[in-house]
Structure formats: structure tokens, C-alpha cells
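> Need coordinates for the below:
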Amino acid sequence: MVSRTEIVCLCEGAKGKSIDEVFINKLMKMLKPKWLRTQGSNVIRLQPCGGRSQVIKRTPGELKLCLRAGGHTTLMVWADCDDDCEDGDALKRVFWKEVNEAGISRDDFDRVVFIFAKDRLENWIDYLNTEQTNESEEGPKLKRHNHGKKAADAAKKLADKCNAGASVDPMPRSLQWSCKNYRALANSFPK
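Model prediction:
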């Protein structure tokens, strides 16, 4: 078992209530990123932050902590684009502004793995379980206590696709963006 966190995941939602925690935890454990030294129960630390604005505000401080911890600690930021950000690139610029104002360099910012759903991870869960969804509509809100297995099953399917190097083309647009962003960073680590 590893003695310290290697992936810190900032995400939207309330601790213990959001389906995001179930999805993220299962996905990361199934992906087993190659930059992790070992696997263990405390490799991933999930930090539910409430709404997106709280995730944005907490990012500079968490990134500084990850940078101080060393080269094997990675910050992942999970958030929703919602209606006020056209796509992942637009939301990433909002995060860059906050991080830049905190004095963090572009090179350090580029080490963050950003995963952005359009409105909710529920759209991804819907797609992964049914192979169809409409990202122009907000997916139905899922509660952790009665939909945890559905979220975990969807995360496993996504991890299987990612580990197999499956094409992202048939996926919803925000999931394509997030998969490409994850793969770009994952492929930058030596094998």
C-alpha cells in the first residue's frame, strides 16, 4: 500500500452525495495510470468542492500542494462546462486565469489533467450504459445511494475503452475532449 496520495481529484458535488465520486474513483482505479508507482486505497484523494466556482478557486492551492509533493503527484480537475462555457478549451482558459493570477507557470498548469463534462457526468454515464445521449440536454440527476453501481459500471466501460486505445469519435463531444486531454498527458510519461 502506498503511503501518500498520488492523484488529487477536485470535483463538483457535495461529499458523499455526488455520483461523480463513484465514477471518478472507479475510473481511476481501472485506468491504473502508468505514472503511479503502486496501487493502494489512498492513491487517489477525491476532493468534492461544491460548485464549479469553488473548484476553480481551489485549483491554484491544490496545484501548489501537488507540485511541492513531487513529480508523481498529479492534480485532476473534474468540472462541468454548463451553458456559460462553449467547450473544454473555454473552461480551461477560466482555470488558467485563476492559476496564472496565483503566480503558477504555464508549464506547471499544463501538468493538470482536466476532465470536463458538458453539463453533468450523468450524460456520460447514460452514453456509456446505452451508447446514446444528448449533451444539449442535462442528463437526469443520479443520486449516489441508489445509482452507484450504474456509475461504476459506466466508469469500467470507459476505462476498458481507454485501455484498449478505442477511438473517441463516437463519444459525446465533451467526453472526446476529456479523453484526448487525459491521453495527451498520460502519453507524455515515460513507459
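> Can you show me the strands along the protein?
7-11, 44-48, 74-80, 113-117 (DSSP state E).
> With mean neighbour count and distance to D107 added, can I get these in a markdown table?
Glycine gets a C-beta too; all of them are placed from N, C-alpha and C. Output for these, formatted as a markdown table (neighbours: other C-beta atoms under 10 Å; distance: least, C-beta to C-beta, whole Å):
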| stretch | mean neighbour count | distance to D107 |
| --- | --- | --- |
| strand 7-11 | 22 | 19 |
| strand 44-48 | 19 | 23 |
| strand 74-80 | 24 | 14 |
| strand 113-117 | 22 | 15 |
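> Which of those sits closest to D89?
strand 113-117 (9.2 Å; C-beta to C-beta).
> by how many degrees do the closest one and strand 7-11 diverge?
Put simply, strand 113-117 runs at 30 degrees to strand 7-11, going by axes from the mean of the first three to the mean of the last three C-alpha atoms, to 10 degrees.
> could you dump strand 113-117 to PDB, C-alpha only?
In PDB, the C-alpha atoms belonging to strand 113-117 read as follows (Å, rounded to 0.1, in the frame of the first residue of the first chain):
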ATOM      1  CA  VAL A 113      -5.400  16.800 -16.200                       C
ATOM      2  CA  PHE A 114      -8.700  18.500 -16.900                       C
ATOM      3  CA  ILE A 115     -11.900  16.400 -17.400                       C
ATOM      4  CA  PHE A 116     -14.900  18.500 -18.400                       C
ATOM      5  CA  ALA A 117     -18.400  17.200 -19.000                       C
END
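> As PDB, could you dump the C-alpha coordinates of the biggest helix by length in the chain?
Counting by DSSP state H, the longest helix found in the chain is helix 144-163. Output of helix 144-163 as PDB, limited to C-alpha atoms (Å, rounded to 0.1, in the frame of the first residue of the first chain):
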ATOM      1  CA  ARG A 144     -25.100   8.200  -5.200                       C
ATOM      2  CA  HIS A 145     -27.000   5.900  -2.800                       C
ATOM      3  CA  ASN A 146     -29.200   4.300  -5.500                       C
ATOM      4  CA  HIS A 147     -27.200   4.700  -8.700                       C
ATOM      5  CA  GLY A 148     -23.700   4.000  -7.600                       C
ATOM      6  CA  LYS A 149     -23.500   0.700  -9.500                       C
ATOM      7  CA  LYS A 150     -24.700   2.300 -12.700                       C
ATOM      8  CA  ALA A 151     -22.000   5.000 -12.400                       C
ATOM      9  CA  ALA A 152     -19.300   2.300 -11.500                       C
ATOM     10  CA  ASP A 153     -20.300   0.200 -14.500                       C
ATOM     11  CA  ALA A 154     -20.100   3.200 -16.800                       C
ATOM     12  CA  ALA A 155     -16.600   4.100 -15.500                       C
ATOM     13  CA  LYS A 156     -15.400   0.500 -16.100                       C
ATOM     14  CA  LYS A 157     -16.700   0.600 -19.700                       C
ATOM     15  CA  LEU A 158     -14.900   3.900 -20.200                       C
ATOM     16  CA  ALA A 159     -11.600   2.600 -18.700                       C
ATOM     17  CA  ASP A 160     -11.900  -0.600 -20.900                       C
ATOM     18  CA  LYS A 161     -12.300   1.700 -24.000                       C
ATOM     19  CA  CYS A 162      -9.300   3.900 -22.900                       C
ATOM     20  CA  ASN A 163      -7.100   0.900 -22.000                       C
END
